[in-house]
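# Fold the following and give me the result.
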Amino acid sequence: MPRRARKEAAQTNLDSEEECSLSSEEEGEYDDERLHFEERFDPAEDAIADEKVVPSRAPHTRTAHKHPSAFSAVENLKDENKGLMKDTDYKILTTWMLCKQEAVFPIACEPLIISLYANVGTPDKSFRPLLYSFDGDQTPSKRKKCVSKKIKTLSWKAETEVDKVPQTLRFLPAREPGPQLATADVHSPLSLFKLFFTESAVSNLVHNTNAQAAKSVAKGRKYKWTDVSVDELYSYMGLIFYMAAVKMSSIADYWRQDSIFSVPFPAMVMSRDRYRTISWNVHLSHPDGDKENDKKRGKAGYDHLFRIKPLMDTIRLACKSFYHPRKTLVVNERLVACRANTEVTRYSKTKMTKLGFKFFVLSDSSNGYTVDFSVFTGKNNFPAGHGLSYDAVMSLLDRKVLGSGYHVYMDDFYTSPKLLTDLFAMKFGACGIYRDHRKDFPKTTANSLTKNSTMGSIRWIRDGPLLCVKWMDTQEVSACSTIHAAFTGDRVKRKAKLLQFYTIQHKTMKWYRKVFLHFLDIAATNAFILHKELLGNMTRKEFMEELIAELCGVSKKTAPKQTSTDHVPVPGAELTSDVRKIATVGRRNCVHCKAVRDKKQQTPWKCQACDVHLCLQLDRNCFQEWHKDVSKSGSSKMCH
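You can find the predicted model right below:
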């Protein structure tokens, strides 16, 4: 096209004041095409023809012979700037031309094209008419009415202006919200905990732990090891919860003796050395599998979460299976403290816990139940590819599992216009505070808040379903929503985080053991919420005390361990004045004769500390034999 013709066509276009009026469907295609061009454009794929591609969805893949005018216009520009433009630049311009012929995102792409040719000797003022005048094979008289779309100029509205009520999304959960368990069944703390740490999952942990211990012993570790059992590993978990409830300065202090600060319970469950050796070797994956995965480090098949994935998948499935959330959900990030130098350890200057593992968590805001979670590995490993904050939320919201009509709340790390509008299209309402500098949020200062604005002042802008609000607190707060009108009167209730007060914190050199401890936190907290929803007859403290006792296989009312001086024989009944009945009243079966000899031998004597009847005769001293067994076990729980 000659230069003069291009200028005339451009002038015709620029003089026109007709606005582009697109239908809602066409606007959706416009946004999709613009996103596709900005984020997915690959010049190398431009020249490849694909007849199966839908033209409106991928205009830049059309073949050259269908649009000869596009290529001729580019060739003219190429001749005028001979030697100054690269082949890839011509491909980009050709793609833009083809897209423009379909009236797709001419304004959105103009800055990109202008920047490409800022240094090739074509001034903006002469290049711009080419961009606006090009209209494929059509003559100016037959040009489409919608050639460009004017950018909306929005200004902030004050609190005195009335906002329209947004569209109400119908709440259609996939299942009845609440626990997915029969209320008629008996639900003890242990049975609910075992929904998440099932016996099959713990059996797998036992297998992997024993394999890891055998590997360590083979390497020359100087400690005695006997294979751990399923019951013993449950007892080990019980001690972990006990240590979270009863705080001591170090693990060794729980087995400290002969002190007013001694606690007797841990020694009743297992010895200190046994607890330590289990801690050193507890393993979630099999060591042989770890070795094979480590060989792939730096390659495509390497799995950063291989060491925790077996247990993680089990707990995630249980979280979603046994409870269905109510209408209001929260997406948040949780940092599990760990100073181990690993590739999955993250630093956050805004959190109280600065260094650790980042969890993306979906929870029910009504009670704090963890519905789903994922572990951040240091890079965006989600399939969507729209940025970490966007993809993290989308990965947790499965419409097939949850249903629709949910309200999702989030913080400023996640909130973006694209995320909220895409969630709205999926029938999820969303609300969250946002960062003003983020892309596509209003940047206008017209009628905006100032530093002198009084506390409680509000400014708002609505763009379709998307509402942006600025509110003056001690400082300016920006929020975005597809749920609320500008003035709803809603108030946020800040509840205590359940995991905060009972979290398990142990020093360990193994990063995957830190994650294992957090899995225990999730399981115990979710089990308590299920118990509260089903029965509601225990506080969190009472629930944890009962769970600890059941995991360790003892009664919650077990008496404290007595010293050796308390183990003395005393009469089994009160003495009577009738001398004929002194040797017969209060006689009971000897527990040692029953356990060892399988005989019923009655005796009037019992141990004062153990409160069990034992024979004390010249030819049968069960009292002495019994306490030999007790001292060997290192525990007095046998006495009960």
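# contacts and neighbour counts: CA atoms only from here.
Fine.
# so is Arg175 in a helix, a strand, or just coil?
When classified by DSSP: H, G, I helix; E, B strand; the rest coil, Arg175 comes out as coil.
# so who does it touch?
Residues in contact with Arg175, defined by Cα atoms under 8 Å, 6 or more residues apart in numbering, are 324, 402-403.
# Arg587: which of those is nearest?
His324 (57.1 Å; Cα to Cα).
# The closest one reaches Leu181, doesn't it?
No. His324 lies out of contact with Leu181 (Cα atoms under 8 Å); the separation is 10.6 Å.
# neighbour-wise, which of the two wins?
Per other Cα atoms under 10 Å, whichever of His324 and Leu181 has more neighbours is His324, with 21 against 13.
# got the contact list for the more buried one?
Contacts of His324 (Cα under 8 Å, 6+ apart): 175-180, 371, 402.
# would you list every one of the helices in the stretch 301-450 of the chain?
Taking DSSP state H, counting those that start in this stretch to define them, one finds helices in the stretch 301-450 of the chain at 309-321, 388-396, 399-402, 417-425.
# I'd like those helices laid out as CSV, including mean neighbour count.
As requested, the helices of the stretch 301-450 of the chain are arranged in CSV below (neighbours: other Cα atoms under 10 Å):
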stretch, mean neighbour count
helix 309-321, 17
helix 388-396, 19
helix 399-402, 15
helix 417-425, 18
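# Include distance to Asn204 and mean pLDDT when you put the ones you listed into a markdown table, please.
Formatted as a markdown table, the helices of the stretch 301-450 of the chain follow (distance: least, Cα to Cα, whole Å; pLDDT from 0 to 100):
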| stretch | distance to Asn204 | mean pLDDT |
| --- | --- | --- |
| helix 309-321 | 9 | 94 |
| helix 388-396 | 27 | 91 |
| helix 399-402 | 28 | 94 |
| helix 417-425 | 39 | 94 |
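# on that earlier part again, what is the nearest of the contacts of Arg175 to Gln617?
Closest to Gln617, out of all of the contacts of Arg175 and judged by Cα to Cα, is His324, at 64.1 Å.
# Return the closest of the contacts of His324 with respect to Ser249.
Of all the contacts of His324, Val371 has the smallest distance to Ser249: 33.5 Å, by Cα to Cα.
# Distance-wise, check that closest one relative to Leu205.
Separation of Val371 from Leu205 (Cα to Cα, to the nearest Å): 23 Å.
# next one: Pro417
44 Å.
# How about Asp391?
Asp391 is 31 Å from Leu205, by Cα to Cα.
# what sits opposite the nearest residue in space to Glu159 that is not next to it in sequence in the beta ladder?
Closest residue to Glu159 apart from its sequence neighbours, by Cα to Cα, 6 or more residues apart in numbering: Ile458 at 5.5 Å. Listed beta-bridge partners, Ile458: Trp471 (assigned using DSSP bridges).
# isn't Ile458 right next to Val469, touching?
Yes. Using Cα under 8 Å, Ile458 is in contact with Val469, at 7.0 Å.
# Between the two, which has more neighbouring residues?
Higher neighbour count among Ile458 and Val469: Ile458, with 24 against 21, using other Cα under 10 Å.
# just to revisit the earlier point, Throw the contacts of Arg175 into a markdown table and include distance to Tyr302, thanks.
As requested, the contacts of Arg175 are arranged in a markdown table below (distance: Cα to Cα, whole Å):
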| residue | distance to Tyr302 |
| --- | --- |
| His324 | 33 |
| Leu402 | 31 |
| Gly403 | 34 |
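# Now flag whichever of the contacts of His324 is closest to Pro571.
Distances from the contacts of His324 to Pro571 were compared by Cα to Cα; the smallest belongs to Pro179, at 52.7 Å.
# Go through stretch 265-280 and flag the buried ones.
265-270, 272, 275, 278, 280 (16 or more other Cα atoms under 10 Å).
# Apologies, that question was intended for stretch 538-546.
So, applying 16+ other Cα under 10 Å, buried residues of stretch 538-546: 540, 543-546.
# I'd like the average pLDDT over that stretch.
Averaging pLDDT along stretch 538-546 gives 94.
# Repeat that for stretch 599-608.
Mean pLDDT, computed over stretch 599-608, is 85.
# same thing with stretch 457-471?
89.
# what does stretch 365-378 give?
Averaging pLDDT along stretch 365-378 gives 90.
# tell me which residues in the helix or strand containing Lys532 are buried?
Using DSSP states H and E, Lys532 sits in helix 511-534. For helix 511-534, the neighbour count (16+ other Cα under 10 Å) marks 511-532, 534 as buried.
# Right, I'll leave it there.
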